[in-house]
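Visitor: Just need the structure, nothing else, for what follows:
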Amino acid sequence: MEFSAKTPRFKWIRRAQGKGDGTSGIMVVGTMKKSQGRVIKRLGGSFHVRADVLAYAKNLYQASAAEYAGVVRGKVPATHVDLIVDVTAVPKERLVRFLDLRRATIARKIRKGEMLSTDQSERVLGLERLIGQVAAMVGDSGDSTGFDAARWVGDWLEQPIPALGGAKPADYMDTIKGQELVSRLLAQSQAGVFA
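Guide: Model (predicted):
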C-alpha cells in the first residue's frame with residue numbers, strides 16, 4: 001500500500017443563509033494549505049467531507065509506522081479539529097478537552113490558518129486513526145453499508161468500559177500511550193478477547 005505523507009487537502013465548510021433567494025443556503029468552501037485564501041461559493045448540493053475524512057482515517061490506520069510518523073511530522077492544519085467535530089458529532093469543547101488541546105489556542109490557529117504543533121497533531125491524528133481502525137474492522141467483518149465509523153467512535157468514546165475499570169475511552173485520548181491502549185481494546189473486542 002502506498003501512502004502519502006502529506007496532510008490531505010480537506011475542505012472546510014460553512015453554511016450561510018440565502019437572502020430571500022429561496023435557496024436552502026450558500027455553501028462556502030475554502031481549501032486548506034496552498035490555496036487557503038481562495039474561496040469557492042456553491043449553491044445547493046453537498047460536499048463529501050465525511051467520505052474524505054473516513055478514507056483518510058483508514059489510510060492512517062493502514063499506514064506503516066514510518067509513514068505515520070511522516071504525517072505527524074508534517075503537522076496538521078488546525079481546521080482538522082473542526083472536521084473531526086463534524087464527522088464524530090462530539091461537541092468541540094469536549095473533543096478539545098479529551099485530546100488535551102487548549103480551546104483558545106485551537107480557535108486562534110483556526111482563525112489564522114495555522115498548523116497544529118507536532119504533539120497536538122499526533123493526538124488529533126491518533127483519534128482519526130482510531131476511526132480508521134473501526135472502519136477497517138467493520139469492513140473486514142462483513143457488510144459495512146450504512147455504518148458510520150466516525151459517529152460510532154464519537155459515541156463509544158463517551159461510554160464507560162468495564163475493561164477500563166469503568167472509565168471512558170475518552171479519558172485515555174490525551175496521550176499516545178492512552179490512545180494505543182484504546183486501540184488495543186478495540187482489537188481485542190473484535191477478536192473476542194477482553195482485557
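
Visitor: Determine the number of other residues adjacent to the nearest residue to Ser117 once chain neighbours are set aside.
Guide: Excluding its sequence neighbours, the residue lying closest to Ser117 (Cβ to Cβ, 6 or more residues apart in numbering) is Lys75, at 7.2 Å. Glycine gets a C-beta too; all of them are placed from N, C-alpha and C. Neighbours of Lys75 under the rule other Cβ atoms under 10 Å: 19.

Visitor: Which helix runs longest in the chain?
Guide: Among all segments of the chain classified by DSSP state H, the helix with the greatest residue count is helix 118-141.

Visitor: got the angle between the helix or strand following that helix and helix 118-141?
Guide: Using DSSP states H and E, the next helix or strand after helix 118-141 towards the C-terminus is helix 149-156. Counting by axes from the mean of the first three to the mean of the last three Cα atoms, to 10 degrees, helix 149-156 lies at 110 degrees to helix 118-141.

Visitor: quick check: mean pLDDT across the helix or strand following helix 149-156?
Guide: For helix 149-156, the following helix or strand on the C-terminal side (DSSP H and E) is helix 176-191. In this model, helix 176-191 has an average pLDDT of 90.

Visitor: tell me what helix 176-191 is packed against?
Guide: Under the contact criterion of 3 or more Cβ pairs under 8 Å, 6 or more residues apart in numbering; DSSP states H and E, helix 176-191 touches helix 118-141.

Visitor: tilt between the helix it packs on and helix 176-191?
Guide: 0 degrees.

Visitor: picking up where we left off before, would you mark the buried spots in the longest helix of the chain?
Guide: Buried positions in helix 118-141, judged by neighbour count with 16 or more other Cβ atoms under 10 Å: 120-138.
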